[in-house]
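Novice: sharing a sequence plus its predicted fold:
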Amino acid sequence: MRVVFLGTSGSMPTPRRGSSSVVVRLGRDLMMFDCGEGTQRQMVHARVGFRRNMKILLTHLHGDHVLGLPGLLQTMSLLRRERPLDVYGPEGTVEYVKAFSETLGGPTFPVIIHEIQEPGVVYSDDRLDLVAVRSSHRVESWSYGLLEKPRPGRFHPDKAKALAVPEGRLWHTLQHGEAVTVEGRTVEPMQVSDPPRPGRRIVYSGDTRPYPEMIELAGGADLLIHEATFSHELQCRADEDGHTTAREAAEVAREAGAKRLALVHISSRYFDPGELLEEARQVFEDVFVAEDMMEIELPQPR
């Protein structure tokens, strides 16, 4: 699992930072959080493929988070993408995509739009859950959690053989947490496998004031990606605009027990974000300011 920061600026891009977008590579699949202006160029630069199985999760419909979507869909059409694309977002996402599609034409492949109506799991498969919670911004906005499901513990073939479990289908069943019957005896997974290994957890705040549901969602997160638009000196501005200071983002990470904190959505007033980093480190130690094209690997827990 690899996280690629495509755009880390606040409301407007800067020479060093593009508009909001983060991609998580999960095997050959992609999960994209927000799609600000210029995202398709950043994808080319980061060598993120346009034809892969992909889901886009939009936090809200402010331009710096969604203006990259028209260009991205056009590029995918030009590359003759055929695979469906799932887009998740707040109420109004359907009308937004419909408006620019009618003007620009396309897309030439299926785009399935899911407007989120209530908090909870918005997508689930055998590997992960995607969870949305309402955030606290000036417009309807959502924060997201990518929650990998627990993986089977280490399987011990010697223990299975000692219990006379024949190799093959029954081993596979035990490895995936189900009991089997052998010669009238029940063999439980715990007899031949270590306990399940926890899945990884990535949480993306979007634009928001700190709020309790975010702390709950980010509980024990391997990586919390949280906006830090302003320093504490501009607390009143953060309150007024529905944003978070670097100190507040660090407080969220600390209260949630997150393992690592990435600061994003950096206001263009901070050419050197060192001020924000130092402010956050006074509260939470394992923090960094994300930069465009930065990539980090989240290893599987042992």
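Specialist: Okay, I see it.

Novice: alpha carbons only for contacts and neighbour counts from here, please
Specialist: Fine.

Novice: buried ones in the helix or strand of the chain with the lowest mean pLDDT, by neighbour count?
Specialist: Lowest on mean pLDDT, DSSP states H and E among the helices and strands of the chain sits helix 169-175, with a mean of 91. Residues 170, 171, 174, 175 are the ones in helix 169-175 that count as buried (16 or more other CA atoms under 10 Å).

Novice: surely the third one is in contact with residue 189?
Specialist: Looking back up the chat, that one is residue 174. Yes. The pair residue 174 / residue 189 is scored as a contact, 5.0 Å apart, by CA atoms under 8 Å.

Novice: how about the helices in the stretch 101-250 of the chain?
Specialist: 157-162, 169-175, 212-217, 235-241, 246-256 (DSSP state H, counting those that start in this stretch).

Novice: which one of those helices has the poorest average confidence?
Specialist: Here these differ in mean pLDDT, and the lowest is helix 169-175 at a mean of 91.

Novice: other SSEs contacting that helix?
Specialist: strand 180-182 (3 or more CA pairs under 8 Å, 6 or more residues apart in numbering; DSSP states H and E).

Novice: how far away from the center of its chain is the strand it packs on?
Specialist: 40 Å (CA atoms, centre = their mean, to the nearest Å).

Novice: likewise for stretch 202-216?
Specialist: When distances are taken as CA atoms, centre = their mean, stretch 202-216 is centred 12 Å away from the chain's centroid.

Novice: quick check: end-to-end length of it?
Specialist: 13 Å (CA to CA, to the nearest Å).

Novice: swap in stretch 8-18?
Specialist: 6 Å.

Novice: before we move on, the earlier item: report the distance from the least confident helix or strand of the chain to the chain centre.
Specialist: Worked out by CA atoms, centre = their mean, helix 169-175 lies 32 Å from the chain centre.

Novice: hey, which of the helices of the stretch 101-250 of the chain is tucked in deepest?
Specialist: Of all those, helix 246-256 carries the top mean neighbour count, a mean of 24, counting by mean count of other CA atoms under 10 Å.

Novice: from the contact counts, what lies against that helix?
Specialist: Other helices and strands packing on helix 246-256, by 3+ CA pairs under 8 Å, 6+ apart, are helix 212-217, strand 223-227, strand 261-264, helix 274-281.

Novice: compute the inter-axis angle for it and strand 223-227.
Specialist: Angle of helix 246-256 versus strand 223-227, following axes from the mean of the first three to the mean of the last three CA atoms, to 10 degrees, is 150 degrees.

Novice: next, the angle helix 274-281 makes with helix 246-256.
Specialist: 30 degrees.

Novice: now find how far off-centre helix 246-256 is within its chain.
Specialist: Once both centres are worked out by CA atoms, centre = their mean, helix 246-256 turns out to sit 18 Å from its chain's centre.

Novice: may I have that helix as PDB, with CA atoms only?
Specialist: Output in PDB follows, covering the C-alpha atoms of helix 246-256 (Å, rounded to 0.1, in the frame of the first residue of the first chain):
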ATOM      1  CA  ALA A 246      -1.500  22.700  12.300                       C
ATOM      2  CA  ARG A 247      -1.800  22.600  16.100                       C
ATOM      3  CA  GLU A 248      -5.400  21.400  16.000                       C
ATOM      4  CA  ALA A 249      -4.600  18.700  13.400                       C
ATOM      5  CA  ALA A 250      -1.900  17.400  15.700                       C
ATOM      6  CA  GLU A 251      -4.300  17.400  18.600                       C
ATOM      7  CA  VAL A 252      -6.700  15.300  16.500                       C
ATOM      8  CA  ALA A 253      -3.900  12.800  15.800                       C
ATOM      9  CA  ARG A 254      -2.900  12.600  19.400                       C
ATOM     10  CA  GLU A 255      -6.400  12.100  20.700                       C
ATOM     11  CA  ALA A 256      -7.100   9.500  18.000                       C
END
